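J.: sequence and predicted structure, then a few things I'm wondering about:
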Amino acid sequence: MQIFWNTSITLAIIVLTGIACTPQLSTRFYTNADLAKPSSYDQANTAGLGKRDPCSNYQAYIPDTLHLDHTPIKYIRVNIHWMNSSDSLSNYKGEEARKFTKGLLHAVNYDLAKNAKMLLPRRNNTPLIPTQYRMVLAGRPGNPSDEGIYFHYDDQMCYYIHKGKNANLFDRKVIQRYGIQLDTVLNIFIMPHHPDSVVSATYQPGGVGVALGAAVKMAGPYENPKLSYWDFRGVLNHEIGHIYSLSHTWAFNDGCDDTPLHPQDCFGPNDRPGCDTLLSNNFMDYAAVQNAWTPCQIGKIHQRMATAGTKTRAFLQPNWCQLHEDRHIFIRDTVTWIGHKDLEGHLTIEPGGKLTIRCRVALPADAKITVKPGGTLVLDNCRLYNDCGDQWLGIEIQSSGKVAGTVEAISQPLIEHAVHAVQ
């Protein structure tokens, strides 16, 4: 009994001593007293937040495959308008149109998720980068029965005339008349080819489209019943590429070194001798298959999506407004953000991790930035804020014994809409 008692006391002392020697974790929110400006940071990011600063460089928006969670998938809100004649005989309608609509968006998103390898140039090593964007049907808020699919019967405005003296592909009257939520939803009008055009031997009523700023007009599904929605996914992805600033790739410099110039006379592999090796599959080319996105093209699209105040940004589903606990970003190595970011969860810099922010970062309501002991956050002339009229919590610095998280400020970073504001 005596031996047991002494052993227990010894173990208790060891346990209590261990507890007493464990540094307590303390936390506080960032204030001016925490500013640190080491001499190595005297050269500030003087470009600031202006139009010509590095934050506008598309290369900063190419998703980092080592940190893919730093670029959450963006969702473009779209609605679909089925234009028809007054007798309802010129286009799909009802359940048939709804089925086609949902199938088309499924096919579009399939290609966006898969992203095929570029065929040109031959034997290329163009990296395969996730596109990190998709499309989603959006009805009118507050109306659960509105799924974002609409039907219009108008003999004057329903037809799409692709070429000829009566061509109307650039006419916006149908958009102005029937557009719904044009400020926040990309409107897509699926129109029939004009019957007079269809009977012409020189007119091809195939899959065609045009991008018109806040809307897309396309035609061809109804006149080609042997084709499915899969055959029109390239048309829609192509036109939305135009909406998000991209140009055709074959004829002139589109601003991307990874989209090669080529003759553009091969729509399919058997069009002429040599087409089996000259055929493009880039989604901004004209070809039978348009299912490849290059890193440059993806970067340009995300740069447009991140540009505040633009119509193309307004089309996005604002998933950065509300906090998503499952989208917490952890920084464990050395990372620099030189493009704008829209976070959807908390942000934590782990011990030994270092994050430098040089552009704007939007945080959702009630989100928090945590800098753990031994972690470093560098605010280089950036802006931290909430983009939706709410408040985020602020920057929490953790300390354990003599080791603390560090926040370094360079030039004039802005911290806005934080509950625990900079004092």
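T.: Thanks, I have it.

J.: going by C-alpha atoms from here, please, whenever you check contacts or count neighbours.
T.: Fine.

J.: ok, now which ones touch Trp337?
T.: Residues in contact with Trp337 (C-alpha atoms under 8 Å, 6 or more residues apart in numbering) are Ala60, Leu355, Thr356, Ile357, Arg358, Cys359.

J.: from those residues, which two are the most distant?
T.: Ala60 and Leu355 (15.0 Å; C-alpha to C-alpha).

J.: neighbour count for these two, which is higher?
T.: Regarding Ala60 and Leu355, a neighbour count based on other C-alpha atoms under 10 Å identifies Leu355 as having more, with 22 against 19.

J.: which SS state does the more buried one fall under?
T.: strand (DSSP: H, G, I helix; E, B strand; the rest coil).

J.: pLDDT score assigned to the residue nearest the centre of the chain?
T.: Nearest to the mean C-alpha position of the chain, by C-alpha atoms, centre = their mean, lies Lys74 at 3.4 Å. Here the pLDDT value assigned to Lys74 is 99.

J.: bridging residues for it?
T.: Note on Lys74: beta-bridge partners by DSSP bridges are Tyr133.

J.: make 778 the starting number, not 1.
T.: OK, 778 is where the count begins now, so the last one is Lys851.

J.: okay, now the unreliable bits of this protein?
T.: For the chain, applying pLDDT under 70 flags the ranges 778-799, 809-830, 1200.

J.: domain-wise, how is it divided?
T.: For the chain, automatic domain parsing gives the domain ranges 801-832+1097-1192, 850-1083.

J.: what is the burial count for Gln1041?
T.: The number of residues packed near Gln1041 is 16, by other C-alpha under 10 Å.

J.: tell me how far the nearest residue to it once chain neighbours are set aside lies from Ala837.
T.: Computed as C-alpha to C-alpha, 6 or more residues apart in numbering, the closest residue to Gln1041 that is not its neighbour in sequence is Trp1027, at 6.2 Å. Separation of Trp1027 from Ala837 (C-alpha to C-alpha, to the nearest Å): 25 Å.

J.: separation between the residue nearest to the centre of the chain and His1079?
T.: 9 Å.

J.: same check on Ala1069?
T.: 16 Å.

J.: give me the more crowded residue out of the two.
T.: His1079 (27 against 24).

J.: where's Gly880, which helix or strand?
T.: According to DSSP states H and E, Gly880 maps onto helix 871-891.

J.: who are the contact partners of Val1148?
T.: Residues in contact with Val1148 (C-alpha under 8 Å, 6+ apart) are Thr1125, Ile1126, Glu1127, Leu1154, Ile1172, Glu1173, Ile1174, Gln1175, Gly1182, Thr1183, Val1184.

J.: quick one: the second one and Gly1152 touch, right?
T.: What that stands for is Ile1126. Yes. Using C-alpha atoms under 8 Å, Ile1126 makes contact with Gly1152 at a distance of 5.5 Å.

J.: give me every residue that touches Ala996.
T.: Ala996 is in contact with Tyr937, Ile967, Met968, Pro969, His970, Pro982, Gly983, Gly984, Val985, Gly986, counting by C-alpha under 8 Å, 6+ apart.
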